[in-house]
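Engineer: next one to model:
(one chain, ligands or ions: 2)
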Amino acid sequence: MAERDVSGAVAEPPAVPASELFSEERSAEVVAASFAGTRDARLRRVLTSLVRHLHDFIKDVELTDEEWAAAIEFLTATGRTCTETRQEFILLSDVLGASMLVETINNRAGDGTTESTVEGPFHVVASPRRELGASIAEDGRGTPCLVTGSVAGPDGRPVPGAEVDVWQADDEGFYDVQRPETKSDRNLRGLFTADGDGRFRFRSIVPRYYPIPADGPVGRLLAATSRHPNRPAHIHFEVSAPGYRTVTTHLFVAGTPYLDSDAVFGVKPSLVRDFPLVDDPVRAAQAGLPNPFRTVHFDVVLSPLDGDGGR
Ligand code: BEZ
Ligand code: FE
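Structural biologist: Numbers count the residues shown, from 1 in each chain. Ligands and ions are numbered 1, 2, ... in the order given. This next block holds a predicted model:
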């Protein structure tokens, strides 16, 4: 029953300014205003921008009820696919290019410092520490390859003792952890300490391109959009040293398939290298590899943390 005031007249409900009510036109402003009391200024900014872009997107495509429900189902399935060892949300971020955009914004390379790229889901075990020159190819399968390189600052001064962590897929495009039946989570992984001149070297094999895990919701998204799941052949590097920003990056094999259509958009031209064939029994013997073998060289330039050369 309508309320009456003392004079018996029907009381009007308190007026709410139209500008504070949800409407199609003002949806983003009204929802953003609901976050106005957020004490953390950064959180307020992020949520306000998120709401603005989300509402713009929904209006742009005029999202239907069915599409909204399908999106909720997809995100729920993505969450259910996550386990201790599988992060389907990161994979989703990867195939949407969000991971690479965040990576690139937060690691703007300047001064010729080495560009970064995505870490990926296979850096899941600590790499075994190995001596310089050692082989990381424990099962010995694949095209032998000598990897050499150096670590320096932007001024060209070497970074002695830099830590060089590497991991890669095998000659069939699998990481060791994807083949647990081999019982090794050391194959094609290694942690090296650069020498007094900042140099490193190790023996390996040429990796093959491979598909990202495509048997879950992200794989369904790729299939529904006629996208392939493959990544071009690469070796992962994480290079660190006190006083420098750690760089997480790859070395891509020139000429590998999918260099121009990486499923996770991780390719940067500065990271592509030739792996030339060496047919020289003397050099092969020196390297401890069968002849012929491939070589690749990677000079890593680290960015100082304090901008003064790191020392
Ligand atoms: C990888 O290179 O290991 C990788 C990166 C992103 C998604 C899947 C795999
Ligand atoms: Fe990889």
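
Engineer: just want the residue of the stretch 51-200 of the chain that's nearest ligand 1.
Structural biologist: residue 120 (2.6 Å; CB to the nearest ligand atom). (Glycine included, C-beta is placed from N, CA and C.)

Engineer: now do the contacts for the nearest residue in space to that residue that is not next to it in sequence.
Structural biologist: Nearest non-adjacent residue to residue 120, counting by CB to CB, 6 or more residues apart in numbering: residue 236, 6.8 Å away. By CB atoms under 8 Å, 6 or more residues apart in numbering, the contact set of residue 236 is 119, 120, 122, 123, 166, 167, 168, 248, 249, 250.

Engineer: count of neighbours near the closest residue to ligand 1 within the stretch 201-311 of the chain?
Structural biologist: Nearest residue of the stretch 201-311 of the chain to ligand 1 (CB to the nearest ligand atom) works out as residue 212 at 3.9 Å. By other CB atoms under 10 Å, 19 other residues sit near residue 212.

Engineer: now it: how far from residue 113?
Structural biologist: Applying CB to CB, to the nearest Å, the value for residue 212 to residue 113 is 27 Å.

Engineer: now swap in residue 284 and tell me
Structural biologist: 34 Å.

Engineer: if I look at residue 154, how far off is residue 50?
Structural biologist: 36 Å.

Engineer: right, I mislabeled it, should have said residue 257
Structural biologist: With CB to CB as the criterion, residue 257 and residue 50 are 37 Å apart.

Engineer: now residue 210
Structural biologist: From residue 210 to residue 50 the distance is 34 Å (CB to CB).

Engineer: how does the chain divide up, domain by domain?
Structural biologist: 19-81, 89-301 (automatic domain parsing).

Engineer: select, out of the ones you listed, the one closest to residue 12.
Structural biologist: domain 19-81 (16.1 Å; CB to CB).

Engineer: straight-line length of the closest one, end to end?
Structural biologist: 42 Å (CA to CA, to the nearest Å).

Engineer: how distant is it from the center of its chain?
Structural biologist: Chain-centre distance of domain 19-81: 26 Å, with CA atoms, centre = their mean, to the nearest Å.

Engineer: wait, does that domain contact ligand 1?
Structural biologist: No - Domain 19-81 lies out of reach of ligand 1 by CB under 6 Å from any ligand atom, never closer than 13.8 Å.

Engineer: which residue lies closest in space to residue 257, excluding its sequence neighbours?
Structural biologist: Nearest non-adjacent residue to residue 257 (CB to CB, 6+ apart): residue 209, at 5.3 Å.

Engineer: which parts of the stretch 201-311 of the chain are helices?
Structural biologist: 217-224, 281-287 (DSSP state H, counting those that start in this stretch).
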